[in-house]
Structures are given as structure tokens and as C-alpha cells.
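1. A predicted structure for the sequence below; I have some questions about it.
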Amino acid sequence: MSTTHPQAAVATHRNARSQARKAALGSFIGAVVDWYDFLLYGIVAALVFNAEFFPNVGPAMGTLAAFATFGVGFLFRPLGGFVFGHYGDRLGRKRMLVLTVMMMGLSTAAIGLLPAFSTIGWLAPVLLVTLRAIQGFAVGGEWGGAALMAVESAPAKKKAFYSSGVQVGYGVGLVLSTGLVALISRSMDNAAFLSWGWRLPFLFSVVLVLIALWIRSSMEESQEFVEKVGQHGERRVRLPIVEALLRHPKAFLLIIALRLAELFTMYIVTAFALSYSTSNLHMPREFFLTIGFVVGALSCVTIPCFAWLADRFGRRRIYMIGALVGVFSAVPFFLALEARSTVWIVVFAVLLANIAHDMVVSVQQPMFTDLFGTEYRYSGAGVGYQVASVVGGGFTPFIAVALVSFAGGSWHPVAAYLALGCLISVLVAARMKTGRKID
């Protein structure tokens, strides 16, 4: 008896650690696939889609139409969070994660095979919009399931670190998508790239999907879900999203407020600043494209490092430091832009994107999922996260451009907008109820 119990305990501990690592790896690789596919669309839309799918409306309108289809993906993300969250809370996290990665990868590969406007006419852009909607629907269900699988399987004192791969996947996806497009475009002439070369990165998604499915097939269902919800559904709520809204209505507003610092810093640095610097300051486009690549690469290191610190010193403390860096870096970033100082632009871009942004996102998975009960957590955290993406992310570049226009080309209102968003996140985090889970 005395030897059996310690051996059983050791075996159980090893099995739990193995399951936690598999869940973390599965969440990470799925995030890589989804963000690679989602971001690849935006890159190629700027280069090719106006001519391939909207040639009869003029170059300018074709570009606007191509970016409009990019926005469709954001609109379908909350719907994906709702549907996958509902079934994820009822049937389990693993099944939904396998389905989201398959749906995302296959729709991306289908874009790579889609005939151009010259071949099938207006059916081409219709199919393109449909496939983009499927992409948004799939990525909308991915974050909630991936975050939950990692958080619920992680050791109690390492939840931020084990779940940080969900956010690191964004950086890897950004590096892969931009790097592969750049490599292919440089390896052939422009005519070949516009004709068929752009399709290769989309078809490459199949390889990533196969790897993700292989890894995710070895994952076990979240033990917390099995224990608290039950394999036979004895504790499954009828409509998880309704239950989440009724029991924790403030949680959805908290998620939106807490994501402002993340969304404002990243989208203003990587999207708005590219447009502002080239249109208003006449700086070379390649400079900010390179910054985007560097930011993505650095995030693969900074996010897990900040998550490790959060597990040791408190999630809210790391979160608030990051958001405060965003507040105090907003004006200096735009001063560096106005001065066209490449060194200081890089310094403050890294402060905003790799310090402020990465400190904030490194703790989001456990912070957000802890706001809801296990029975409706996928629905609550997933839908809240994706609604915040639309409210705070999808419209941020548009609002920033409008502010510059209203101010006669001045950057001051955008800097104030960025600082205010980060300040709101700081104040909301400071007023959250204290407890071991967030402190």
C-alpha cells in the first residue's frame, strides 16, 4: 500500500503534465494556422485581389472592394464565437478545435484554387466573399476553444504561460504569411506572381492544417470540462450564451474594455501608421512593412516571457504595467513619426507593440476565461472576445483615419485616442475585484 499510492500519484502527475503540454501545443499550432490564413488574405488583397476579382470597377474602387471583403471576416467572428462556443460548452472543446482548424485551412486552400473574374465573371468575387466569411466564422470559434483547452489543462500556477501560445500563434502567423509572400514574390517576375504565384501561400495552408490535425488528434478533452460538465451532459446548460449573459453581464463589458489597450496599440502601429506615414509623411512603405515583420517575430519571445512573469508576480500587475506603457508611449510615437526619426520610430513601435501590447495579451486567456463558469465559459469568453475585436479592432484604423481628416492632417487626436483607450484599460483592470485568479 505504501509503495502503490506514491507511484500512482507520480503517474497521475506525469499524465497531467503531458496533457497540459499537448493542450498548449495544440492551442498554439491551431492559432498559427488560423492567423496565418486570416492575415494572408489581407496581405494578398492589397496586392492582387483588386485586379483578379474586381477588375471592372477601376483600380481605386477595386482596392476598396478587396479590403471590404477583408472586413467581412471581422463581421463573422462573433457569429463563430457564438456557434462554436455553444457546441463547445455542450460537446467539449476538442471537437470544436478540430473543426475550426479544418474549416479555416480548407477555405483558405479553396481561395488559392478560386478562378478569377476573367474566367467565371461575378461569381468569382461572390465566392471570394463567401470563403472570407467562412474564415472569419472559423477564427471566431478558435480563440475561445484554444484558450480554454490550454487554461483548463495547465498547472494551477502556470496558466498564463501555458496558454500564451494562443497569442504567440498570431506572431508566428504574421511572420509566416508576410515572409512566404515576400519570398515567392521575389523568386518570380511580377506577371507570374499576379497570374499564379499568389496562390501558392494559400495552398500551403493544407500543410499547416495536416500538422495541426495530427497534433490536436492526440489531445485529450479538458479534464475540468469532463469533471464539471460531465461526459453525459448532466450539467450542460440549455443555452450557454444566455446563461453567461444572465450570470455575468458585466464580464462582456470588462472584456471589451480590457482589450482596448491591446487592439489600439497593435492596429495603430501596424495598420494606421503604415497608411499615415506613406500618405501624409511620404515615408517608404517598406519601412513599416519591415516593422510589422519585426514586431511579429519579437512577440514570439516577449509574450511567453511576460506570461511567465505574470504567473510569478500577478496577472493584473503585468497587465496594468503594459497598458500604462501604452498610455505614455502614444505621444512620443507620433512625435517620432513627425520627425521622421527611424530609430525612435522603431523604439516606440516596439514599446507599443512588443511591450504594451504583448504584456496585455500575455495574461488575457486566464483573465477572460476566469470571468465565466465552466458550463458556459466557451460561449461567454469566446463571444466577448470576438465582439471586442469588431468594436475595438475592426474600426480602429477607420476611426484613426477619420480623426486625422477632421483635424486637418494632424496626428494629435489619434495619439489622444490611443492613450485614452489604454487608460480606460488601466482603470478597468485597477477596479476589478481582487482575487488569486487575476492577482
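-> Good, I have the coordinates. If you're wondering where the values come from, they're calculated on a predicted model, not measured in any experiment. Numbers count the residues shown, from 1 in each chain.
2. low-scoring stretches of this protein, by residue?
-> 1-16, 46-47, 56-71, 221-238, 240, 285, 374, 393-395, 433-439 (pLDDT under 70).
3. center of it, which residue is that?
-> Geometric centre of the chain, nearest residue: Tyr170, 5.6 Å, by Cα atoms, centre = their mean.
4. tell me the contacts of that residue?
-> Ala31, Trp35, Gly296, Ser299 (Cβ atoms under 8 Å, 6 or more residues apart in numbering). Every C-beta, even on glycine, is put in place using the N, C-alpha and C of the backbone.
5. Could you find which two of the residues you listed are furthest from each other?
-> Using Cβ to Cβ, these reach their maximum pairwise distance at Ala31 and Gly296, which is 12.9 Å.
6. which of these two has more neighbours?
-> Legend: neighbour count by other Cβ atoms under 10 Å for Ala31 and Gly296, higher for Ala31 (27 against 24).
7. what's the following helix or strand after the stretch of helix or strand Thr108 belongs to?
-> Thr108 belongs to helix 93-113 when elements are defined using DSSP states H and E. Later in the chain than helix 93-113, the nearest helix or strand by DSSP H and E is helix 117-120.
8. what comes up buried for that next one?
-> Phe117 (16 or more other Cβ atoms under 10 Å).
9. So which elements touch that helix?
-> The contact analysis (3 or more Cβ pairs under 8 Å, 6 or more residues apart in numbering; DSSP states H and E) places helix 117-120 against no helix or strand.
10. outside of that helix, which residues touch it?
-> Applying Cβ under 8 Å, 6+ apart, the external contacts of helix 117-120 come out as Glu52, Phe53, Phe54, Pro55, Asn56, Ala124, Pro125.
11. before we move on, the earlier item: so which of the contacts of Tyr170 is the closest to Ser187?
-> Lowest distance from Ser187 to the contacts of Tyr170 (Cβ to Cβ) belongs to Gly296, with 21.3 Å.
12. Skipping its backbone neighbours, what lies nearest Thr396 in space?
-> Tyr267 (4.3 Å; Cβ to Cβ, 6 or more residues apart in numbering).
13. in what helix or strand does that neighbour lie?
-> Using DSSP H and E, Tyr267 falls within helix 249-267.
14. so what secondary structure elements neighbour that helix?
-> Where contact means 3+ Cβ pairs under 8 Å, 6+ apart, helix 249-267 is packed against helix 315-339, helix 357-361, helix 364-369, helix 377-388, helix 396-406, helix 412-431.
15. Could you pull out the buried residues of the longest one?
-> This points to helix 315-339. 315-327, 329-331, 333-334, 336-337.
16. With just CA atoms, put the very next helix or strand once past that helix into CSV.
-> With elements assigned by DSSP H and E, the helix or strand that comes after helix 315-339 is helix 342-350. C-alpha atoms of helix 342-350 as CSV (Å, rounded to 0.1, in the frame of the first residue of the first chain):
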residue,chain,number,x,y,z
THR,A,342,13.7,56.0,-38.0
VAL,A,343,15.5,55.0,-34.8
TRP,A,344,12.9,56.5,-32.5
ILE,A,345,10.0,55.2,-34.6
VAL,A,346,11.3,51.7,-34.2
VAL,A,347,11.9,52.2,-30.4
PHE,A,348,8.4,53.4,-29.7
ALA,A,349,6.8,51.0,-32.1
VAL,A,350,8.4,48.2,-30.1
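17. quick one: contacts of helix 342-350?
-> 269, 273, 287, 291, 294-295, 298, 329, 332-333, 335-337.
18. what's the most distant pair in those?
-> For the contacts of helix 342-350, and using Cβ to Cβ, no pair is farther apart than Leu298 and Leu335, which are 22.4 Å apart.
19. Any figure for the gap between Val33 and Arg377?
-> Going from Val33 to Arg377 by Cβ to Cβ, to the nearest Å gives 23 Å.
20. Repeat that for Ser362.
-> Ser362 is 20 Å from Arg377, by Cβ to Cβ.
21. do the same with Leu239
-> Counting by Cβ to Cβ, the gap from Leu239 to Arg377 is 14 Å.
22. Quick check on these two: which one has the bigger neighbour count.
-> Neighbour totals were compared for Leu239 and Arg377, and Arg377 leads with 31 against 14 (other Cβ under 10 Å).
23. quick one: contacts for the more buried one?
-> By Cβ under 8 Å, 6+ apart, the contact set of Arg377 is Asp89, Leu148, Ala244, Thr369.
24. Distance to Val383 for those - can I get that in CSV?
-> Shown next, in CSV, are those (distance: Cβ to Cβ, whole Å):
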residue, distance to Val383
Asp89, 11
Leu148, 13
Ala244, 8
Thr369, 12
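25. out of the residues you listed, which are inside helices?
-> Cross-referencing the contacts of Arg377 against helices under DSSP state H gives Asp89, Leu148, Ala244, Thr369.
26. Taking the residues you listed together, which two end up most distant?
-> Leu148 and Ala244 (13.0 Å).
27. Give the residue from the two that has the larger number of neighbours.
-> Neighbours around Leu148 and Ala244, counted as other Cβ under 10 Å, are more numerous at Leu148. The numbers are 32 against 28.
28. How many neighbouring residues does the residue nearest to Met266 when sequence neighbours are not counted have?
-> In space, and not counting its chain neighbours, Met266 is closest to His357: 5.1 Å by Cβ to Cβ, 6+ apart. His357 is flanked by 31 other residues according to other Cβ under 10 Å.
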